[in-house]
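Enquirer: how would this look folded up:
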Amino acid sequence: MTLRIGLVGAAGHVNYVTSGIQELGDAALVAVAPGCPEEDGGRLRKIGGETATFYADYHDLLTQDLDIVAVSPLYYLHAKVTVAALRAGHAVYCEKPLALTLESLAHVREAQQATGLPIGIMLDFRYKPAFHTARRLVAEGAIGTPTVAYGQKSYKRGNRPDFYRQRETFGGITPWVGIHAIDWVRYVAGVDYRAVTSQHVKLHRPDYPDMEDAASCIYELANGGTAVMSFDFLRPAGAPTHGDDRLRILGEKGALEIREDCGLELITADGVQTIEPEAPAHGSFADFALSVIDSSHACITSTEDAIRVTEIALRTRDAADQGARVML
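Expert: Model (predicted):
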């Protein structure tokens with residue numbers, strides 16, 4: 001039986017969905033709709049091609065016989081569309097973050113608990129070979145107890161859509177950019193967070209008043225360790241790649257480092273080893289879809305992970321707004 005996929009909006013990483021459909025093989029995008037009238041329907045029609053029916057109102061799409069609804073409208077609509085899709089009886093694969101406020105995230109959590117339907121999230125770093133392999137090495141004890149971690153997300157700013165100009169529609173640098181590092185440290189270390197202090201930096205581009213230039217965060221880990229992270233839109237336009245992503249995690253037996261220029265390195269008393277990364281069996285969307293089809297298939301990113309990492313990102317943003325230590 002062909003897996004039937006619906007797509008609401010195309011503001012985010014819909015390529016995860018389209019590539020995942022190709023990976024699965026026995027799956028098809030059969031319905032597309034914008035998340036609001038202001039969204040460009042032309043891009044959705046192009047993505048849907050000849051196989052997908054276009055609906056001007058996503059509520060009409062939600063009445064269709066679908067196995068999964070992929071949610072990727074303008075960011076401030078993530079929670080609203082996710083709740084509507086869950087209540088209509090569909091599993092949801094949503095762009096990150098799931099919500100832009102703790103209140104709207106609570107609505108997502110309530111709808112998920114009421115329906116029991118799974119939620120996936122468009123966070124792909126758990127599926128990148130270096131991070132997937134780093135998680136295995138930490139779980140095998142290669143560095144001992146994860147004690148200190150450093151994470152970096154640096155993006156080129158470029159010209160962004162108008163909805164990036166306001167917190168109410170964009171959400172901020174931490175829920176949009178930082179959420180990746182927040183998730184990968186938690187995943188690789190296998191340790192949750194206990195508390196955070198954070199600071200936003202806004203010195204540039206007054207035409208984007210609520211789009212912070214950078215954020216710096218210090219997390220207290222549940223095991224007593226520490227994670228330090230920075231997120232920014234300051235990567236120079238002439239840099240060879242759009243993003244510069246880095247992870248360094250240390251324990252009493254060694255350290256792991258992930259950088260674009262070195263790949264994955266394990267450093268121990270025996271010296272430095274360059275590790276050949278191993279990819280997981282499936283990509284992000286295919287992994288989630290298989291868990292929808294077969295309840296015995298454990299998705300690398302669970303529903304609980306999707307909700308939890310969104311909550312941490314939002315509370316981290318709140319910590320910067322309040323200038324206070326916030327419990328997680």
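Enquirer: Please, where are all the strands along the stretch 1-150 of the chain?
Expert: 3-8, 27-33, 53-54, 68-71, 91-94, 119-121, 148-155 (DSSP state E, counting those that start in this stretch).
Enquirer: what's in contact with the shortest one?
Expert: Contacts of strand 53-54 from elsewhere in the structure, counted by CB atoms under 8 Å, 6 or more residues apart in numbering, are Val30, Ala31, Val32, Ala33, Gly41, Leu44, Arg45, Gly48, Gln64. C-betas here are computed from N, CA, C, even on glycine.
Enquirer: just these: which has the poorest pLDDT?
Expert: Lowest pLDDT among those: Gly41, with 85.
Enquirer: so which of the strands of the stretch 1-150 of the chain gets nearest Phe288?
Expert: strand 119-121 (3.4 Å; CB to CB).
Enquirer: Work out the sheet partners of the closest one and label each with its direction, please.
Expert: Here strand 119-121 has these sheet partners by DSSP bridges: strand 91-94 (parallel).
Enquirer: can I get the CA coordinates of the strand it pairs with in PDB?
Expert: What follows is strand 91-94, C-alpha atoms only, in PDB (Å, rounded to 0.1, in the frame of the first residue of the first chain):
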ATOM      1  CA  ALA A  91       0.500  11.800  12.100                       C
ATOM      2  CA  VAL A  92       2.600  14.900  11.700                       C
ATOM      3  CA  TYR A  93       6.100  15.600  10.500                       C
ATOM      4  CA  CYS A  94       6.700  19.300  11.300                       C
END
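Enquirer: residues in contact with it?
Expert: Applying CB under 8 Å, 6+ apart, the contact partners of strand 91-94 are 17, 67-72, 78, 81-82, 85-86, 117-122, 285, 288-289, 292, 306.
Enquirer: now stretch 41-55, how far from the chain's geometric center?
Expert: 25 Å (CA atoms, centre = their mean, to the nearest Å).
Enquirer: Revised request: answer the last question for stretch 300-314.
Expert: With CA atoms, centre = their mean as the basis, stretch 300-314 stands 9 Å off its chain's centre.
Enquirer: which of the residues in that stretch are buried?
Expert: Residues 300-303, 305-314 are the ones in stretch 300-314 that count as buried (16 or more other CB atoms under 10 Å).
Enquirer: what do you get for stretch 99-111?
Expert: Residues of stretch 99-111 classed as buried: Ala99, Leu100, Thr101, Ser104, Leu105, His107, Val108, Arg109, Ala111 (neighbour count, 16+ other CB under 10 Å).
Enquirer: Now do the third one, the pLDDT please.
Expert: This means Thr101. Listed pLDDT for Thr101 reads 98.
Enquirer: Tell me the spacing between it and Gly238.
Expert: 37 Å (CB to CB, to the nearest Å).
Enquirer: phi, psi of the residue lying farthest from the centre of the chain?
Expert: The centre of the chain is farthest from one residue, Asp270, which by CA atoms, centre = their mean lies 35.3 Å away. When read as degrees, to the nearest 10, the backbone of Asp270 gives phi -90, psi 0.
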